[in-house]
Every structure is written in structure tokens, then in C-alpha cells.
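Enquirer: Provided below are the primary sequence and the corresponding predicted coordinates.
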Number of protein chains: 2
Amino acid sequence: MASPNDTHSGHTPEELKAAMEAFHQRLRDAGLKSTRQRDVIVELFFTLDKHITADELLDEVREIQPRIGYATVYRTLKLLVEQDLALPKDFGDGQTRYDPIFDQDPGHDHIICVNCRKIAEFSDDIINTRIQEIAEEIGFTLRRKKLELYAECHNPECVAAQKDKK
Amino acid sequence: MASPNDTHSGHTPEELKAAMEAFHQRLRDAGLKSTRQRDVIVELFFTLDKHITADELLDEVREIQPRIGYATVYRTLKLLVEQDLALPKDFGDGQTRYDPIFDQDPGHDHIICVNCRKIAEFSDDIINTRIQEIAEEIGFTLRRKKLELYAECHNPECVAAQKDKK
DNA sequence: GTATATGCAAAGTGTTTGCAAGCGA
DNA sequence: TCGCTTGCAAACACTTTGCATATAC
């Protein structure tokens, strides 16, 4: 069944450590270097653990290493995406957001309120299973999916704000 | 069950006419004007009936009205989106694509080959129903969904091209 | 007649790239 | 050392906006 999680589930320190290790391993495998900047960016990225924009991440990163440039953040995010450690998302507001992928993370989906822009997450086995079947039926091997629901939330504040508008 | 449709289903002339009428009606309702340019753009948009980019649409439009500028195309597409006659899509290649919405169109979803970028469409009732249920369970009223599957297609050409790469 | 729409060019926005200097393996 | 990385600024690609002119209602 659907398991909504409004707040981000929050990964344990062990999972964070595993993610960092995975990152370093992939760097080595690809013959790339581990640097102070990359570590700061990636660790923050996994720690914050939310659909973050490059810009937001840069802000956080600069609190620790003020001289890091946006190019480095963009390049690191691109690297994470290539290594399947991050998933780019586009919710239609012009900026790409990135979701960290923890090992074996089955992935969650999003439901976005079209009014207040609040984002909730959910994960549903029926859908996940069905999607897999469909890809096979059509003759594809599924790699990943993107499922976003745009809806109106029933949050009293949001409902009231909508009423006022009219 | 899933009904894949590689080629676009193609809407009948009646549906096209209905879409144009809907467009004109919404213009009137909003106190906006019907112009030669808008008609050309919107008619082509519904006729071509595919996830088109602003750029591609402009090319087509200019074959009929060479002096139309891209600003007009962008503005018209934005108008269509506001009027729920078009749906913006982002497949991650940097450009926004737009899908026409025909009246009562239940909407289709996309499966995109991560290698050759070929896009196929499908529609599945199990998923559509389940999505509706989930939104309700979480306390949202569903407005629209975005479902994209990224996968590897089994097209011989594509498979071969991938092998050559390695 | 008047408010909206157009075409053009210029400005914006988010993201990528070129390059000299810096740094990790 | 040697090649990958960084920071900066400039370049980019797509989209939006300002403004004078044109046009629909």
C-alpha cells in the first residue's frame, strides 16, 4: 500500500557512511580523484537528503568552504548522476532538483500541491510492480521511472489561501 | 492492460475542430483576442499532435507565416498551458516539450530509451486507478500526473549501437 | 478608440565550458 | 610529475520581457 512520508525519512549515519564509501569507490573505479570540495558537496548532499537545487546546495556548501564555485557544484552533481548516486528531477519551476540515491533505495515518488507547492513523498508496490510489467510488455528494460502527481492538498492553510484568491 | 502506441494515435478532424473551438472559447472567456498568429500556432500544435518543442513548432509555423517570432510561439504555448490545452513535459534534454490535451483525453505516459532517446507511449488503467487511490489516501485531490519510464529499448539498431560503444 | 498582441532585440535564468593555476595520486 | 580539479569568468541554450507598432474587438 501507499506509504506517505511527509517528512523525509532520514537516513541513518550508517547509510550516510555507506553512501560516501560508494562515492569514493566509484571515483576510484573511474580513475577520478577525491578532493576536499567533492567530499564537502557530496556529504552535504546526502546529509540534507532532499530534492535540492544546485543553488541551494551551493549555499550550504559555502558555509563550510566559502570559496567553492558553482561550477564545482554543478560538476559534482553531474558526476553523482552519472554514477547513479543522484537522480535529477524537474518539477516545472525552471530549476533541476537532485535526489540522493542510497544503496538499494527502491525510490520514492512525489506528489506536489499545485497551489502551495508543498511536496510529499510516497512509494507504492502495486505501481512499482505494474510499471515493471508494462516496460517488459512494450519491449524495454526498465532503468528508472519518474512519477509525479500534481494535486491540491487539503491543508487548511492552503485551502483557505485558495478561497481568498477568488 | 497497457496499450503501447509507438506512433501517435492521431486525432480525428472532429477532435481537432473541437480543440480549436475550445481554444477560441477560452480566449473569449478570458477577454483575449483571436489572432491570425495564434490560430496558426494552435492549429499546427494540435495537428502535429506530438511532444513538440517551442523551437520545432516555430519551424513549422514559419512555413506558413514566416514572420512569426519565437516570442509569439512561447507566449502562445504558455497561454495553452494556462488554459489546460497543453501539458509541458521535461525529458531531461534541456528543452520543454508540449503535449496537446484534447477534450477528455485521459492522457498517456511515456517510455524513453536512455540510449537512442526514442519515445513510446502507453496508457494503463491499473496505474491510473491506483494513482487516484493514492492521492486520496494521502489527502490530495489529483489534478494531473507525470509518469515517465526511462529504459533500454530492444530495437536491434539501438542494441548494436550500444555494443559498439563498449 | 482602446486594450491586447506582435515582432524584434535585449535581458534573464539556469547550466556548461575554456583556461590558467592548483592539487591529489 | 602528470593529469584530474578548481575557480573564475565567459559562453551557452532556452525562455521571458520591454517597447514601439500593429491589430482585433
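Expert: That came through, no problem.
Enquirer: Quick check: residues of chain A near DNA strand D?
Expert: Proximity of chain A to DNA strand D is assessed by CB under 7 Å from any atom of the strand, with A:27, A:31-33, A:35, A:37-38, A:65, A:67-72, A:75-76 identified as the residues in range. Placement of C-beta: from N, CA and C, glycine included.
Enquirer: most surrounded residue in those?
Expert: Scoring the residues of chain A next to DNA strand D on neighbours with other CB atoms under 10 Å in any protein chain shown, the highest-scoring entry is A:Thr76 at 24 neighbours.
Enquirer: Find the nearest non-adjacent residue to that one, please.
Expert: What sits nearest to A:Thr76 in space, not counting adjacent residues and going by CB to CB, 6 or more residues apart in numbering or on different chains, is A:Ile41, at 4.6 Å.
Enquirer: Got the domain ranges for chain A?
Expert: The record's domain parsing of chain A by automatic domain parsing lists A:3-100, A:109-165.
Enquirer: who are the neighbours in contact with A:Arg62?
Expert: Contact criterion CB atoms under 8 Å, 6 or more residues apart in numbering or on different chains gives A:Ile68 as the residues in contact with A:Arg62.
Enquirer: Look up which helix or strand it falls in, please.
Expert: In this structure, A:Arg62 is located in helix A:54-64 according to DSSP states H and E.
Enquirer: Stretch A:101-117 near DNA strand C anywhere?
Expert: No. Using CB under 7 Å from any atom of the strand, stretch A:101-117 stays clear of DNA strand C, with a minimum separation of 14.4 Å.
Enquirer: so how many other residues sit close to A:Leu147?
Expert: Neighbours of A:Leu147 using other CB under 10 Å come to 24.
Enquirer: Let me see the contact set for the residue nearest to it when sequence neighbours are not counted.
Expert: Once its chain neighbours are removed from consideration, A:Leu147 has its nearest residue in A:Asp109; the separation is 4.1 Å (CB to CB, 6+ apart). Contact partners of A:Asp109, counting by CB under 8 Å, 6+ apart, are A:Glu121, A:Phe122, A:Ser123, A:Asp124, A:Ile127, A:Leu147, A:Glu148, A:Leu149.
Enquirer: returning to that earlier point: same question for whatever helix or strand comes next after the helix holding A:Arg62, mean pLDDT?
Expert: Proceeding N to C from helix A:54-64, the next assigned helix or strand is helix A:70-82, under DSSP H and E. Averaged across helix A:70-82, the pLDDT comes to 94.
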